[in-house]
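Asks: need the 3D shape of this:
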Amino acid sequence: MRIFRGRKQKTSGRRTAYTWSFVVFCLGVLMTVVIIASVGTRLSPSSHAATLTGDLNGDGTVNVFDLSIFLAHWQQTGSGIAEDFNNDGSVNIFDLSILLTNYGASGGGTNVALFNRITYAGSLPGASSSYLNQEANRYQVIQLQGDEGASLVSTLHADNPNLKVFVYVDDIGTKSGDPQAITSCTNYSTDNTNANAHPGNPQYDWFLKDSGGNRIQYSGYPGQYLMDVANPYYQAACIAHAMDLVRNMGADGVAWDNVIANLSWVESASVPEYPTQSSWVAAEYNWATAVGPIAHSNGLLQLPNVSGGRWDSNFPTFRQDIITKGEMDGTMEQSWTDGGLGTAQQDPYWAGKLADASWAETNHKYYVANNAEATDSESEDRYGLASLLMVANGYASYSTSWNSCFTTCESSWPEYSTAQQLGSPTGAYSHRTNGAYERDFANGVVLVNPSQNTIASFSPTPGGTYSGSGLTNVSSVTLGPDQGLILLKN
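Replies: Down below sits the predicted model:
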């Protein structure tokens, strides 16, 4: 519904500009936003964002909150900007006109192309208010470090009440280089003092040791020591410290790192305490069962970064088991379509990971997908996002970071904006006889080839012509090895 039509005046060019009354109106609405925010009004949390043009916060209605977000990006230039509704490379008066045309409207298809940032490592504190507003409204999930400040989290939540902020904690280690235990479950100095005073006493000595009695460090990470996750005294200290970190930050929950199905992935030395994979997995299950329900009962969300899943034939349900036993709220997959050795290396595990993501969606659990790609790559990120869109339905999100720069860098490829215009999925994905995976959407189609074969020219099932992913007005496509396409109907 159009609620305001600004008067136009002639200009020296073909474009027209709205009069000052139009601007005054916008400022009046923005003042309303500020007044409402000052009395503590917050939007109802939602996992979904709508594709209704102008509904920037995804609450299903174009309203004053969306106008506030829009004006924070006024005159921003570049590609893939959510507020640039007409895609002319600038957030300007024409985009504002589009937003006000839809002002008060509600509905629209569900956008399932959601994104996450797994860590900022100190890059957000001190950032401009416009940048924080952009970040808050760009992501479904953000992971921060425990020393980045409660004021930061408060600002992010004010900008987007739907955002979930998690604080990083390593569940299996303590670090001599982290004196305040910002990133680990327990404080190394205290752990070291207690263990030296009471060596071998499980109430005080939680370090895992090799056959020679030496404390075991992570391979390649000197000063980072493995702890006995099944030790009840360690578990109690771990969850107490993690909850303190989360509460001090005012965050939504804890992001547990290094929840692993195989101890050899972080340490090559033998561990007498856990000589087999089965014994170590049992220890991780013990830890999840002990600490998870405590966090849950205290109202904290939990997001474990799990290494292991359907692609591990020994324990194919490890990821689901950790979530279920620990009453956790989702999971992170840090090697979604690239574990650091290229996408081809992950091809055999693609279907299993897709099944994990699908399970998370079915059970309304967050699935935070991140790639360990060595360099920033548009084609690889397109493939990763397209793969996730095969099952995404409001809880799965794709990371804008990459392995060598995941702490401070982020990418925003044109495909991300395209994906957010797809609208609602029309059904589940299909595996076509030519080997391609296809999922149809209200406004387009997503295609994936998770193999090293080239799939010859074929047409998307709905027919018609499409544009996107570097293609324009095509009715058929060819998929190269490990390629994904995100296409909109013409």
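
Asks: which other helices and strands does the lengthiest helix in the chain contact?
Replies: When the chain is scanned for its longest helix (criterion: DSSP state H), the result is helix 277-297. Counting contacts by 3 or more CB pairs under 8 Å, 6 or more residues apart in numbering; DSSP states H and E, helix 277-297 is packed against helix 232-249, strand 259-260, strand 301-302, helix 318-325. Every C-beta, even on glycine, is put in place using the N, C-alpha and C of the backbone.

Asks: just to check, residue 310 is in contact with residue 321?
Replies: No: at 11.6 Å, residue 310 and residue 321 do not qualify as touching, with contact defined as CB atoms under 8 Å.

Asks: measure residue 365 to residue 141 for me?
Replies: Here residue 365 is placed at a distance of 12 Å from residue 141 (CB to CB, to the nearest Å).

Asks: one more: residue 301?
Replies: Shown here: residue 301 relative to residue 141, a distance of 10 Å by CB to CB.

Asks: what do the two both touch?
Replies: Shared contacts of residue 301 and residue 141, defined by CB atoms under 8 Å, 6 or more residues apart in numbering, are found at 164, 166.

Asks: looking at the two, which is more packed in?
Replies: The residue with more neighbours, out of residue 301 and residue 141, is residue 141; 26 against 20, by other CB atoms under 10 Å.

Asks: looks like that one contacts residue 303 (just checking).
Replies: Yes: under the contact definition of CB under 8 Å, residue 141 touches residue 303, with a separation of 7.4 Å.

Asks: between these two, what contacts are shared?
Replies: Taking CB under 8 Å, 6+ apart as the contact rule, residue 141 and residue 303 both touch 166, 366, 368.

Asks: format those as JSON lines; extra columns: pLDDT, distance to residue 410 and secondary structure.
Replies: Compiled in JSON lines, the shared contacts of residue 141 and residue 303 are given as follows (pLDDT from 0 to 100; distance: CB to CB, whole Å; DSSP: H, G, I helix; E, B strand; the rest coil):
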{"residue": "166", "pLDDT": "96", "distance to residue 410": "17", "secondary structure": "strand"}
{"residue": "366", "pLDDT": "97", "distance to residue 410": "19", "secondary structure": "strand"}
{"residue": "368", "pLDDT": "96", "distance to residue 410": "14", "secondary structure": "strand"}
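
Asks: and the residues you listed as a markdown table, adding neighbour count and distance to residue 183?
Replies: Formatted as a markdown table, these follow (neighbours: other CB atoms under 10 Å; distance: CB to CB, whole Å):
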| residue | neighbour count | distance to residue 183 |
| --- | --- | --- |
| 166 | 29 | 13 |
| 366 | 27 | 21 |
| 368 | 29 | 18 |
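
Asks: how about CSV for these, with distance to residue 258 added?
Replies: Written out in CSV, the entries for the shared contacts of residue 141 and residue 303 read as follows (distance: CB to CB, whole Å):
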residue, distance to residue 258
166, 15
366, 18
368, 15
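
Asks: tell me the confidence at residue 311?
Replies: Residue 311 is assigned a pLDDT of 67 by the prediction.

Asks: residue 361 reaches residue 391, doesn't it?
Replies: Yes: assessed by CB under 8 Å, residue 361 is found in contact with residue 391 at 5.8 Å.

Asks: what about the residue positioned nearest the centre of the chain, is that helix, strand or coil?
Replies: Most central residue of the chain, judged by C-alpha distance to the mean C-alpha position with CA atoms, centre = their mean, is residue 116 at 2.6 Å. Per DSSP: H, G, I helix; E, B strand; the rest coil, the local secondary structure of residue 116 is strand.

Asks: helices along the stretch 1-150 of the chain, start to end?
Replies: 20-38, 64-72, 93-101, 129-138, 150-159 (DSSP state H, counting those that start in this stretch).

Asks: mean pLDDT lowest for which of these?
Replies: Among the helices of the stretch 1-150 of the chain, helix 20-38 has the lowest mean pLDDT, at a mean of 46.

Asks: I'd like the distance between residue 246 and residue 166.
Replies: Taken as CB to CB, the spacing of residue 246 relative to residue 166 amounts to 8 Å.

Asks: could the helices and strands packed on helix 277-297 go into a markdown table alongside mean pLDDT and distance to residue 418?
Replies: Written out in a markdown table, the entries for those read as follows (pLDDT from 0 to 100; distance: least, CB to CB, whole Å):
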| stretch | mean pLDDT | distance to residue 418 |
| --- | --- | --- |
| helix 232-249 | 97 | 34 |
| strand 259-260 | 94 | 34 |
| strand 301-302 | 97 | 30 |
| helix 318-325 | 96 | 30 |
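
Asks: can you redo those as a markdown table with distance to residue 126?
Replies: Shown next, in a markdown table, are these (distance: least, CB to CB, whole Å):
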| stretch | distance to residue 126 |
| --- | --- |
| helix 232-249 | 16 |
| strand 259-260 | 32 |
| strand 301-302 | 26 |
| helix 318-325 | 35 |
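
Asks: the helix or strand containing residue 448: partners in the sheet, and parallel or antiparallel?
Replies: Counting by DSSP states H and E, the element that carries residue 448 is strand 444-449. On the basis of DSSP bridges, the sheet neighbours of strand 444-449 come out as strand 437-441 (antiparallel), strand 483-489 (antiparallel).

Asks: for residue 93, which of the ones you listed is the nearest?
Replies: Between residue 93 and the strands paired with strand 444-449, the shortest separation by CB to CB is 25.1 Å, and it involves strand 483-489.

Asks: put the alpha carbons of the closest one into PDB.
Replies: Taking Å, rounded to 0.1, in the frame of the first residue of the first chain, the C-alpha atoms of strand 483-489 are listed here in PDB:
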ATOM      1  CA  GLN A 483      30.000 -25.800  -9.800                       C
ATOM      2  CA  GLY A 484      26.900 -24.200  -8.500                       C
ATOM      3  CA  LEU A 485      24.500 -21.700 -10.200                       C
ATOM      4  CA  ILE A 486      22.000 -19.400  -8.600                       C
ATOM      5  CA  LEU A 487      19.600 -18.100 -11.200                       C
ATOM      6  CA  LEU A 488      16.600 -15.800 -11.300                       C
ATOM      7  CA  LYS A 489      13.700 -16.100 -13.700                       C
END
